[in-house]
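Q: mind folding the following:
(one chain, ligands or ions: 1)
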Amino acid sequence: MKRALVLLLTAGAVLAVVPWLRLPAFYESILYLVLHWIALATSWNLLSGYSGYFSFGHGAFFGIGMYTTATLATRFDVPFLWTLPAAALVAALFGTLLGVVAFRVQAVRAELFSLLTLAATFVVATIILNTPIDGGPGVSMAGVLVPAIAPTASGTFYLLSLAVALLAVVAALLVHGSRFGTGLFAIHDDENVAEVMGVPTFRYKLGAFALSCALAGLVGGVHALFISYVTTGDVFTIALPLTVILMAVLGGTRHWAGPIVGATAITLLLYAFTGSESAIIGKGLTGLVLIVVILFMPEGLLGQALKWWGARRGASAVVREVPAKSVADAAPPAASPAPRSGEILLRAQGVHKSFKGVQALRGVDLEVRQGEILGLLGPNGSGKSTFINVASGHYAVTAGVIEFAGRRISGVPAHRIAHGGMARTYQIPRPFAHLTVLQNVALPAMFGAASLDRRAAEEEAWEWLAFTGLGARAHALPAELNLHQRKFLEFARALAARPRILMLDEVLSGLTPSEIDEAVALIRRIRDQGATIVFVEHVMRAVMALCDRVVIFDRGEVLAEGPPHDVMQQPAVVAAYLGQAMEAGASSNVAGLDPEPAHA
Ligand SMILES: Nc1ncnc2c1ncn2[C@@H]1O[C@H](COP(=O)(O)OP(=O)(O)OP(=O)(O)O)[C@@H](O)[C@H]1O
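A: Residues are numbered from 1 along each chain as shown. So this is what the prediction gives:
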């Protein structure tokens, strides 16, 4: 990242001499436009490309910047340059207000967010048009003095555009390489999992939105004086966000430099065909390029180039060999002083959870003691996964209280529960699809209880990859793993958070007998390192081999609890399982009540 930053600043310094080369104003204007679109596309990408929240409201923030500058410069005689920070600030404030509303509502994601931001554009346009801000005819800036920071006015606009583009690209680069950026990319792939792994999703989305809007407002402020006559009809159009989106998508949204590539290509292509007839050819050609890229290079030009480069390097990508000893010694350190063995670490009292009429949990009382492996058993649909979901904060409880390490966690956002030392796996693995295996494991090390910086988190991730036997797959994407490896990736991610309590949700389902033995051995090793484990499982031989205690769920209630062998003999428990087997008409595996010990 440091190299890219130096490169960018050097390029900026070199480009800053252009106004003194005395080029015809025409060229400065073209360069102005290229930089203008680079800044706009990059600012859009900061939220939408990184986090996946596609905004169609970029015209609104750009327009707010334009009108802020136009109003301050023409009505209040504020010097033009002083209006620019105000343009950024007002746009950021508006974006923050919109974000507070949009991001608080869980349902406002994907296309709903796009529609909301588009609607906001029209609301802003209507307000501006029907108030003295514009009043109808538009605002003329003809009388506003262009600051003399270059020998000519066109040179001044070029320099301003260069400064704003540089600011946007440097911001995009810094965010890309930061903890903040990692969190945004995780939100892009699976927001709920990111939150459960400790990413403060609301704060991150709001921060990215505010930054994106501030930069768009700044671009708008400069552009107001460049076009010198501001009207709502020209500013608040759907064309602006569409152009910006196409530029970012063409270049590649997952890389900070993608919008530079896309904006430069499209602006120059359109400019190459500026004559009346050739303009149509230019637009047609641009459309064609976009269609080809979207169809054959969904990751954009830069994304595709990097993929190709990565594939060439793939064979030589470094796979770290972590010595077995260091792995064996890598006990998950507690986030805070652990309670003594046997003390209650997690307590649920009267927990209810309902989903639109379905009562998944009905007054569950349950305790998990420090250092034990507690099995949660029960027929399908009895509420085991729901219990993990409410304990980890994935869902809010409908009623009741859950305490973790003496603190109430029901009602607390999931990322704060993760910071407190809880980690979980998902029954169906939910890796971050666009992050490598290594990045997937490093993420909880950064955002979980350990809260490590990026470099230390990667070190930690290598250890857990070695621990789970995934070291050789570190640079693969999750889609390249088989089910067994994806399950172990879930393990590695949960362990990298250095949890005090680990919730394993059917980690053995779908594995072959030998893979199950391997997993059982792994869980034993985890427990031997002092972790407390809640283990939801149907594979009874693994339950019998591993669990100190079991709790049986039936229809959302706790039916029985105690040592596995005693509990599994209880008539009510047998009846609950038999009932389900008979309902399902199944003759085989009466819910796996065969307590044959695992081989491991
Ligand atoms: N998000 C949801 N929306 C609606 N209903 C849900 C949701 N999650 C769970 N349920 C319902 O809650 C009940 C309990 O489901 P849960 O997944 O907790 O059971 P389970 O014991 O884990 O089952 P299995 O062993 O099959 O995974 C079921 O009736 C299920 O359909």
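Q: from here on, contacts and neighbour counts on C-alpha atoms
A: Will do.
Q: now for the most centrally placed residue in the chain: which residues touch it?
A: For the chain, the residue nearest the mean C-alpha position is I187 (1.5 Å; Cα atoms, centre = their mean). Contact analysis of I187 by Cα atoms under 8 Å, 6 or more residues apart in numbering lists 51-52, 194-195, 201.
Q: where exactly do the strands run in the stretch 451-600 of the chain?
A: For the stretch 451-600 of the chain, the strands defined by DSSP state E, counting those that start in this stretch cover 501-505, 532-536, 549-554, 557-562.
Q: export those to a markdown table and tack on distance to the ligand, mean neighbour count and mean pLDDT?
A: Putting the strands of the stretch 451-600 of the chain into a markdown table (distance: least, Cα to the nearest ligand atom, whole Å; neighbours: other Cα atoms under 10 Å; pLDDT from 0 to 100) gives the following:
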| stretch | distance to the ligand | mean neighbour count | mean pLDDT |
| --- | --- | --- | --- |
| strand 501-505 | 8 | 26 | 92 |
| strand 532-536 | 8 | 25 | 91 |
| strand 549-554 | 7 | 24 | 92 |
| strand 557-562 | 10 | 19 | 92 |
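Q: in a markdown table: the ones you listed, plus distance to T156.
A: As requested, the strands of the stretch 451-600 of the chain are exported to a markdown table (distance: least, Cα to Cα, whole Å):
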| stretch | distance to T156 |
| --- | --- |
| strand 501-505 | 59 |
| strand 532-536 | 64 |
| strand 549-554 | 72 |
| strand 557-562 | 72 |
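Q: SS state for the closest residue to A348 other than its chain neighbours?
A: With sequence-adjacent residues excluded and distances taken as Cα to Cα, 6 or more residues apart in numbering, A348 is closest to I402, at 4.4 Å. Following DSSP: H, G, I helix; E, B strand; the rest coil, I402 is assigned to strand.
Q: okay, now I402: neighbour count?
A: By the criterion of other Cα atoms under 10 Å, I402 has 24 neighbours.
Q: just P513 next, same as before
A: Neighbours of P513 (other Cα under 10 Å): 12.
Q: distance check, it against H538.
A: As defined by Cα to Cα, to the nearest Å, P513 lies at a distance of 13 Å from H538.
Q: and V368, by the same measure?
A: The value you get for V368 to H538, if Cα to Cα is used, is 19 Å.
Q: and for L376?
A: Distance, L376 to H538, using Cα to Cα: 9 Å.
Q: among the two, which residue is more densely surrounded?
A: Taking other Cα under 10 Å, L376 and H538 do not tie; L376 has more neighbours (27 against 21).
Q: check which helix or strand covers that one.
A: For L376, the host element (DSSP states H and E) is strand 373-377.
Q: ok, that strand near the ligand or not?
A: No. Strand 373-377 stays clear of the ligand (Cα under 6 Å from any ligand atom), getting no nearer than 7.6 Å.
Q: which outside residues touch that strand?
A: Outside strand 373-377, the residues that reach it (Cα under 8 Å, 6+ apart) are 368, 384, 527, 532-538, 543, 546-553.
Q: redo that, cut-off 7 Å
A: Residues outside strand 373-377 that contact it (Cα atoms under 7 Å, 6 or more residues apart in numbering) are 368, 384, 532-538, 543, 546-553.
Q: on that earlier part again, can you tell me the SS state at the residue nearest to the centre of the chain?
A: Three-state assignment for I187 (three-state DSSP): helix.
Q: how close does it sit to G251?
A: Noted for I187: a distance of 21 Å to G251, by Cα to Cα.
Q: low-scoring stretches of the stretch 151-300 of the chain, by residue?
A: Low-confidence segments of the stretch 151-300 of the chain (pLDDT under 70): 274-278.
Q: in it, what residue comes closest to the ligand?
A: Closest approach between the stretch 151-300 of the chain and the ligand, counting by Cα to the nearest ligand atom: N192, at 12.3 Å.
Q: tell me, how many residues neighbour that residue?
A: By other Cα under 10 Å, the residues close to N192 number 19.
Q: what do you get for G143?
A: Per other Cα under 10 Å, the neighbour tally for G143 reads 10.
Q: where along the stretch 301-450 of the chain do the helices fall?
A: Listed in chain order, the helices of the stretch 301-450 of the chain (DSSP state H, counting those that start in this stretch) span 324-328, 384-391, 414-419, 437-447.
Q: ok so, going back, list the buried residues for the strand holding L376?
A: Neighbour counts using 16 or more other Cα atoms under 10 Å place 373-377 of strand 373-377 among the buried residues.
Q: residue numbers of the chain in contact with the ligand?
A: Residues of the chain that fall close to the ligand, judged by Cα under 6 Å from any ligand atom: 355, 360, 380-386.
Q: single out the most deeply packed of the helices of the stretch 301-450 of the chain.
A: helix 437-447 (a mean of 29; mean count of other Cα atoms under 10 Å).
Q: ok, L559 touching V550?
A: No. When contacts are counted by Cα atoms under 7 Å, L559 is not listed as touching V550 (10.7 Å).
Q: mind checking pLDDT for A586?
A: In this prediction, A586 carries a pLDDT score of 37.
Q: apologies, that question was intended for R22.
A: For R22, the pLDDT comes out at 83.
Q: same thing with P499?
A: At P499, the predicted lDDT confidence score is 89.
Q: and A445, what is it in contact with?
A: A445 makes contacts with 451-452, 457, 496-497, as judged by Cα under 7 Å, 6+ apart.
Q: and if you look at L225?
A: By Cα under 7 Å, 6+ apart, L225 lies in contact with M141.
Q: report the contact partners of E506.
A: 427, 536-537.
Q: repeat that for L306.
A: Counting by Cα under 7 Å, 6+ apart, L306 touches no other residue.
Q: state the distance from it to A263.
A: For L306, the distance to A263 equals 18 Å [Cα to Cα].
Q: over to H394?
A: Using Cα to Cα, H394 is found at 39 Å from A263.
Q: neighbour count: these two, which is higher?
A: Taking other Cα under 10 Å, H394 and A263 do not tie; A263 has more neighbours (30 against 18).
Q: buried residues, the helix or strand containing that one. List them.
A: A263 belongs to helix 258-272 when assigned by DSSP H and E. For helix 258-272, the neighbour count (16+ other Cα under 10 Å) marks 258-267, 269-271 as buried.
Q: which one among the residues you listed gets closest to D566?
A: Nearest to D566 among the buried residues of helix 258-272: G258, at 61.4 Å, using Cα to Cα.
Q: OK, contacts around the closest one?
A: Counted by Cα under 7 Å, 6+ apart, G258 has contacts 248, 251-252, 302.
Q: pop the domain breakdown of this structure in here.
A: The record's domain parsing of the chain by automatic domain parsing lists 26-310, 422-498.
Q: show the end-to-end separation of the longest one, please.
A: Distance between the two ends of domain 26-310: 40 Å, counting by Cα to Cα.
Q: chain center to it, what's the gap?
A: The chain centre lies 20 Å from the centre of domain 26-310; the measure is Cα atoms, centre = their mean, to the nearest Å.
Q: swap in stretch 559-571?
A: In terms of Cα atoms, centre = their mean, the centre of stretch 559-571 is found 42 Å from the chain centre.
Q: between the contacts of G258, which has the most around it?
A: With neighbours taken as other Cα under 10 Å, the top of the contacts of G258 is A248, carrying 33 neighbours.
Q: right, and it touches S43 too?
A: No. A248 is beyond contact range of S43, at 9.8 Å (criterion: Cα under 7 Å).
Q: for A87, which non-adjacent residue is spatially closest?
A: G65 (4.2 Å).
Q: now name the helix or strand holding the one you found.
A: Secondary-structure assignment from DSSP H and E places G65 in helix 58-75.
Q: how about that helix: buried residues?
A: Within helix 58-75, the residues that count as buried by 16+ other Cα under 10 Å are 58-74.
Q: packing partners for that helix?
A: For helix 58-75, the elements it packs on are helix 80-104, helix 110-129, helix 201-227, helix 239-251, judged by 3 or more Cα pairs under 7 Å, 6 or more residues apart in numbering; DSSP states H and E.
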